[in-house]
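J.: Sequence below, structure please.
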Amino acid sequence: MLKNIQEWSVVLVIVGVIVVLGNWLGFGVMPFEAIPGMLILVLICLAGLFIGKILPFNLPSMIYIAVLGVIVSLPATPGSEYVVHATDQIDMLAITTPVLAFAGIAIGRRWADFRKLGWRVIVVGFCVLSGTFLGSAIIAEIVLQVQGIV
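T.: Here you go, the predicted model:
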């Protein structure tokens, strides 16, 4: 268990450093302003991963991380104003870049398994991405027309 926590901590610190640098370079938020929010996010992730390991339920740790994030940001929670202000300094796109990079590395390590899926997975992925894009565009067009913007 201690080894898992150490591995999680190392990965989250690496991701945190990349996020803070990406936030600075891409969105102009100085690192000293973003570090407190990033530390809060890292601690929430570590706590959720730990809870996911110790509880007997067979639920993904992401559920625990999301619930903890909601709890610490609720107005009734002491210190929530600071948590919301600190994490507001971090742009969502700065977080997605390293996460997607790690996902790509994880897929790359299992390239043989990916090849077994064959060409069908590419067709399905293309259809899903195209459908999502078109669906979002249609919904946006409808909302903009209802509001009279377009």
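J.: any idea which helix or strand carries the closest residue to residue 14 other than its chain neighbours?
T.: Among residues not flanking residue 14 along the chain, residue 98 sits closest, at 7.7 Å (C-beta to C-beta, 6 or more residues apart in numbering). Backbone N, C-alpha and C define where each C-beta goes, glycine included. Using DSSP states H and E, residue 98 sits in helix 92-109.
J.: who does that helix touch, helix- and strand-wise?
T.: The contact analysis (3 or more C-beta pairs under 8 Å, 6 or more residues apart in numbering; DSSP states H and E) places helix 92-109 against helix 2-27.
J.: Where does pLDDT dip in the protein?
T.: 107-111, 113-114 (pLDDT under 70).
J.: repeat that with 50
T.: Residues of the chain meeting the criterion pLDDT under 50: none.
J.: for residue 75, helix, strand, or coil?
T.: coil (DSSP: H, G, I helix; E, B strand; the rest coil).
J.: Can we start the residue count at 741 from this point?
T.: Right, with 741 as the first residue, what we last looked at is residue 815.
J.: Domain map for the chain?
T.: Using automatic domain parsing, the domains assigned to the chain come out as 742-852, 858-890.
J.: Now tabulate these in a markdown table and tack on mean neighbour count.
T.: A markdown table is the format used below for those (neighbours: other C-beta atoms under 10 Å):
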| stretch | mean neighbour count |
| --- | --- |
| domain 742-852 | 14 |
| domain 858-890 | 10 |
